[in-house]
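*Asks:* A predicted structure for the sequence below; I have some questions about it.
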Amino acid sequence: MTYFQKTGISHVPKLGPGRGLLLLACVVLAACAGYAALVLYSASWPEAAGLRQFYHWAPRAYTVAEFLGLRRGLAALAGGATLLAWGLGRGGPARAGGAALRREVGALCRRLGAGWAELRPGQRWLASGLLLALTGLRVYYSFVLVPGDDAVSYEVFVRGSLLRVSAAYPLPNNHVLSNTLDWVFYQLYPGFWWSMRLPVLLASTAATVGWFLLLLRRSSFRIALLAVSLFSSTQLAFYHSATGRGYSLLCGLGGIGFFAVLELAASVDQSRRATGRRQQVAWAALVGSGVVGLYVVPTHAYFLLSAYSWLALVALAGRAWGLLGRAVGLGLLTLVGAALLYAPLLLLSGAGLLFHNEFVVPLPVGEFWRVLPRYLWFTEGWLSGHRWLGVGPLLLVLLGFALQWRRAATGRLPAATARLVRGLGLPGVWFLVAPYLLVLGQRVQSPERTLYYKAQLMTVVAAMLIDWGLRQPAAGLPRRRALQLLAVGSLAFAGTQLFFVERNNRLQQGHWVRYLAGGQWLSQQPPGPVLAPEPLHRFLLRFYVHSQLWHQPWQVDDRPRPGVHYRYLVSMPGAQRVPYGPAVAGPPAYHDGLLDIFVAP
């Protein structure tokens with residue numbers, strides 16, 4: 001029985017697949033070009049020109065004609081795409097087809113809710129309790145984890161204008177959409193925790209709930225609970241769920257994209273057309289999450305390579321040429337949409353700063369292959385819980401899945417388990433290994449955080465293997481005893497990860513207290529202009545007064561401004577002179593191993 005038969009709808013005119021995908025393309029182009037135009041229209045040309053001096057960097061030599069022309073062109077493209085989308089959506093059949101798509105989205109949400117409602121009360125209590133405990137730990141770490149890269153994001157980008165946070169790229173720290181969300185919160189309240197920690201806390205909670213509900217519909221309660229719990233217990237997960245860098249957003253977007261891929265692949269496996277309304281929703285989810293993910297952090301390209309290459313493999317194996325063509329076309333649409341969002345950044349900062357920074361510069365061939373084993377070892381170790389674990393956990397998961405796959409292929413698994421192996425496990429394994437194809441092609445050593453989403457999928461495959469193992473008869477080990485051992489092992493793993501987080505944070509706190517000692521001394525003095533020519537001094541003092549003393553009129557400059565009498569002069573320890581500043585005499589009013597602060601008469 002179809003969905004429309006169930007709901008009593010006898011006939012709904014179809015929004016044809018070609019027309020529907022063209023409408024999707026128009027919506028993506030209109031939204032991306034419209035947002036980029038909004039960014040450029042949010043500032044005047046003098047403000048845009050002033051970004052050349054906001055940081056010590058080398059932007060493009062952009063001109064007023066380029067600035068005005070680009071924002072007019074983006075506005076025109078957004079308007080044209082909107083008109084075309086309106087034209088495609090006109091008429092009875094198109095409106096009815098759109099309404100049917102909206103009902104399909106509603107049905108999807110109801111199916112997710114039904115999965116939760118179908119759980120036994122004990123299962124709901126267990127999942128809710130674990131989520132509550134996990135959220136409590138994340139809230140705790142959002143307060144106590146030492147600021148790191150998110151401190152740079154806060155000071156350099158979030159405190160600026162929308163144009164600065166969207167178009168200035170003096171260093172790869174600017175994860176644009178993540179910082180833009182933080183910028184929105186900053187407009188409401190300028191505190192550091194509110195601006196940088198609360199948004200990521202909300203995003204990580206939403207991603208956790210979403211992954212659990214999606215896995216619950218695709219597998220079982222035990223697999224969903226195990227996968228989400230194991231992943232959320234790793235030290236990387238605790239860190240990225242509390243610090244504002246955008247990787248928790250990528251986890252949620254990756255979940256949307258991954259399960260959209262599963263839906264599209266299933267349409268071929270089950271001899272269904274990949275053009276039904278459920279598939280149209282899946283395409284929209286994959287394209288939308290892909291565009292947004294690339295705008296959060298460009299390294300979402302690793303995930304998208306895995307997603308579209310898997311669809312291509314499925315299409316080739318099933319001779320589904322329509323699916324292959326749509327994957328190519330909509331993959332290109334994803335790149336075009338992301339390029340439109342980055343248009344302000346490409347205008348002001350240039351493609352070189354985005355595509356040729358220190359993280360994506362190819363290594364020489366010989367050096368790359370020489371350091372590759374070490375890179376793989378430490379990267380997979382970090383993703384598994386600790387760098388010294390190396391590739392061990394990944395190899396165990398791959399070997400275990402190979403055994404499970406062989407049994408499924410030879411008919412030695414129950415039908416439901418075999419379907420799960422083919423429909424969830426096999427794509428998950430592909431997503432674990434496919435990103436390294438791009439790493440090999442780029443000849444780069446991407447930081448482990450750029451492959452952070454792989455940890456999610458490895459815990460999914462690992463949870464499937466653990467669940468399968470628990471279903472096997474074990475000599476002398478009752479089922480209840482096996483579950484108790486699993487619970488103890490999970491708690492031991494979580495406790496070990498928390499120990500590593502606490503130990504590393506204590507080490508960082510010692511450095512951070514020393515770094516902020518000068519700012520704390522200033523907080524006890526009357527507010528006044530500060531001259532701090534050294535970059536580290538300037539950043540630390542600015543961050544302290546902006547995050548802790550934002551309600552006081554502090555001003556920290558790196559160069560003297562005309563007509564400003566600087567009350568506080570900052571120099572290197574023992575230097576007895578302040579670059580660009582007036583002469584100083586006598587001992588400093590404050591001294592430590594990092595800086596000296598003189599008080600001018």
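*Replies:* Here it is on my side, so go on. Numbers count the residues shown, from 1 in each chain.
*Asks:* His386 and Val501 touch, don't they?
*Replies:* No. The criterion here is Cβ atoms under 8 Å, and His386 misses it with Val501 at 11.1 Å. (C-beta placed from N, C-alpha, C; glycine too.)
*Asks:* what about the two, which has more around it?
*Replies:* Neighbour comparison, His386 and Val501: the larger count goes to Val501, with 21 against 17 (by other Cβ atoms under 10 Å).
*Asks:* any residues in contact with both of His386 and Val501?
*Replies:* Gln235 (Cβ atoms under 8 Å, 6 or more residues apart in numbering).
*Asks:* can you count the residues close to Cys549?
*Replies:* Slight slip there: residue 549 is Leu, not Cys. Using other Cβ under 10 Å, the number of residues around Leu549 comes to 14.
*Asks:* ok, now how distant is it from Gly191?
*Replies:* Distance, Leu549 to Gly191, by Cβ to Cβ, to the nearest Å: 11 Å.
*Asks:* Quick check, Gln235 in contact with Leu383.
*Replies:* No. Counting by Cβ under 8 Å, Gln235 sits too far from Leu383 to count as a contact (10.5 Å).
*Asks:* if you count what's nearby, which of those two comes out ahead?
*Replies:* Leu383 (26 against 19).
*Asks:* Helix or strand for that one, just tell me which one.
*Replies:* helix 365-384 (DSSP states H and E).
*Asks:* Could you export that helix as PDB, keeping only the C-alpha atoms?
*Replies:* What follows is helix 365-384, C-alpha atoms only, in PDB (Å, rounded to 0.1, in the frame of the first residue of the first chain):
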ATOM      1  CA  VAL A 365      56.100  13.000  -3.600                       C
ATOM      2  CA  GLY A 366      59.000  11.300  -1.700                       C
ATOM      3  CA  GLU A 367      58.300  13.100   1.500                       C
ATOM      4  CA  PHE A 368      54.600  12.300   1.400                       C
ATOM      5  CA  TRP A 369      55.000   8.600   1.000                       C
ATOM      6  CA  ARG A 370      57.700   8.600   3.700                       C
ATOM      7  CA  VAL A 371      55.500  10.200   6.300                       C
ATOM      8  CA  LEU A 372      52.200   8.500   5.200                       C
ATOM      9  CA  PRO A 373      52.400   5.500   7.600                       C
ATOM     10  CA  ARG A 374      53.000   7.800  10.600                       C
ATOM     11  CA  TYR A 375      50.200  10.000   9.500                       C
ATOM     12  CA  LEU A 376      47.700   7.100   9.100                       C
ATOM     13  CA  TRP A 377      48.800   5.700  12.500                       C
ATOM     14  CA  PHE A 378      48.300   8.900  14.500                       C
ATOM     15  CA  THR A 379      45.200  10.000  12.600                       C
ATOM     16  CA  GLU A 380      43.300   6.800  13.100                       C
ATOM     17  CA  GLY A 381      44.500   6.600  16.600                       C
ATOM     18  CA  TRP A 382      43.000  10.000  17.500                       C
ATOM     19  CA  LEU A 383      39.800   9.100  15.800                       C
ATOM     20  CA  SER A 384      39.600   5.900  17.800                       C
END
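*Asks:* if you skip the residues just before and after it, what's nearest to Trp430?
*Replies:* With sequence-adjacent residues excluded and distances taken as Cβ to Cβ, 6 or more residues apart in numbering, Trp430 is closest to Trp310, at 5.2 Å.
*Asks:* can you pull the contacts of that neighbour?
*Replies:* Val261, Ala265, Pro427, Trp430, Phe431, Ala434.
*Asks:* Out of these, the closest to Val371 would be?
*Replies:* When those are compared for distance to Val371 (Cβ to Cβ), Ala434 wins out at 21.2 Å.
*Asks:* Now for the closest residue to Leu348 other than its chain neighbours: which residues touch it?
*Replies:* Using Cβ to Cβ, 6+ apart and skipping the chain neighbours, the partner closest in space to Leu348 is Ala167 (4.3 Å). Residues in contact with Ala167 (Cβ under 8 Å, 6+ apart) are Val39, Ala48, Leu51, Pro344, Leu345, Leu347, Leu348, Ser349.
*Asks:* rerun that using 7 Å as the cut-off
*Replies:* Ala167 is in contact with Val39, Pro344, Leu345, Leu347, Leu348, Ser349, counting by Cβ atoms under 7 Å, 6 or more residues apart in numbering.
*Asks:* Out of the residues you listed, who's the most crowded?
*Replies:* Pro344 (28 neighbours).
*Asks:* neighbours around the residue nearest to Ala434 when sequence neighbours are not counted, how many?
*Replies:* Of all residues not flanking Ala434 in the chain, Ser306 sits nearest, at 4.0 Å (Cβ to Cβ, 6+ apart). By other Cβ under 10 Å, 27 other residues sit near Ser306.
*Asks:* Next, the contact list for Ser306, please.
*Replies:* Contact partners of Ser306, counting by Cβ under 7 Å, 6+ apart, are Trp430, Phe431, Ala434, Pro435.
*Asks:* Now it: which helix or strand?
*Replies:* Residue-wise, Ser306 maps onto helix 301-318 under DSSP H and E.
*Asks:* Moving C-terminal from that helix, which element do we reach first?
*Replies:* helix 321-341.
*Asks:* Quick check: mean pLDDT of that next one?
*Replies:* With pLDDT averaged residue by residue, helix 321-341 scores 94.
*Asks:* List the buried residues of it.
*Replies:* The neighbour-count criterion (16 or more other Cβ atoms under 10 Å) identifies 323-324, 326-327, 330-331, 333-334, 336-338, 340-341 as the buried residues of helix 321-341.
*Asks:* can you redo the residues you listed as JSON lines with distance to Tyr154?
*Replies:* What follows is these, written out as JSON lines (distance: Cβ to Cβ, whole Å):
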{"residue": "Leu323", "distance to Tyr154": "44"}
{"residue": "Leu324", "distance to Tyr154": "44"}
{"residue": "Arg326", "distance to Tyr154": "41"}
{"residue": "Ala327", "distance to Tyr154": "39"}
{"residue": "Leu330", "distance to Tyr154": "36"}
{"residue": "Gly331", "distance to Tyr154": "34"}
{"residue": "Leu333", "distance to Tyr154": "34"}
{"residue": "Thr334", "distance to Tyr154": "30"}
{"residue": "Val336", "distance to Tyr154": "32"}
{"residue": "Gly337", "distance to Tyr154": "28"}
{"residue": "Ala338", "distance to Tyr154": "25"}
{"residue": "Leu340", "distance to Tyr154": "27"}
{"residue": "Leu341", "distance to Tyr154": "22"}
